[in-house]
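Participant: Provided below for reference: sequence and predicted model.
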Amino acid sequence: QYSHLGQNGRLDTCSREANCVSSSYNEPPNVYVSPLTTVNEPTKVFERAVRDLRQSSFDLVEIQPSSKYIHLTVPGKLHP
């Protein structure tokens, strides 16, 4: 299982070695990204995002519709 959701249902933190970003509020500023907001119904927005991402070159690692969680990887490195 790839899930980065902890036992409490919240996102785990990014490890120092990981090249990741997270919308978890307890991340340091250099890896934090604001949670996405929507103006439409969240389930439909999630389904559209998954559909569009499946047509992209990104590597979809995990999709969890019940928590609207998408884990994907893209090429590149974060700058410190």
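Facilitator: Right, received. Where do you want to start?

Participant: Between the two ends of stretch 18-36, how far is it?
Facilitator: By CA to CA, to the nearest Å, the extent of stretch 18-36 from end to end equals 22 Å.

Participant: Please apply the same query to stretch 27-39.
Facilitator: 26 Å.

Participant: again with stretch 23-31
Facilitator: In stretch 23-31, first residue to last residue: 8 Å (CA to CA).

Participant: Identify each buried residue in that stretch, please.
Facilitator: For stretch 23-31, burial by neighbour count (16 or more other CB atoms under 10 Å) applies to 24, 27, 31. For every residue, glycine as well, the C-beta is placed using N, CA and C.

Participant: looking at it, the last one is touching Glu17, isn't it?
Facilitator: Just to be clear, that refers to Val31. No - Val31 is beyond contact range of Glu17, at 11.9 Å (criterion: CB atoms under 8 Å).

Participant: so what pLDDT did the nearest residue to Lys77 once chain neighbours are set aside get?
Facilitator: Leaving aside its chain neighbours, Lys77 sits nearest to Asn19 (5.7 Å; criterion: CB to CB, 6 or more residues apart in numbering). The model reports Asn19 with a pLDDT of 75.

Participant: cool, Val50 as well?
Facilitator: pLDDT at Val50 comes out at 95.

Participant: Just after the helix or strand harbouring it, pick out the following helix or strand.
Facilitator: Per DSSP states H and E, Val50 falls inside helix 42-54. Remark: after helix 42-54, the chain's next helix or strand is strand 59-64, criterion DSSP H and E.

Participant: Parallel or antiparallel, list what pairs with that following strand.
Facilitator: Using DSSP bridges, strand 59-64 pairs in its sheet with strand 69-73 (antiparallel).

Participant: Buried residues, the helix or strand bottoming out on mean pLDDT in the chain. List them.
Facilitator: Least confident element among the helices and strands of the chain, by mean pLDDT, DSSP states H and E: strand 69-73 (a mean of 85). Going by neighbour count (16+ other CB under 10 Å), the buried part of strand 69-73 is 70-71.
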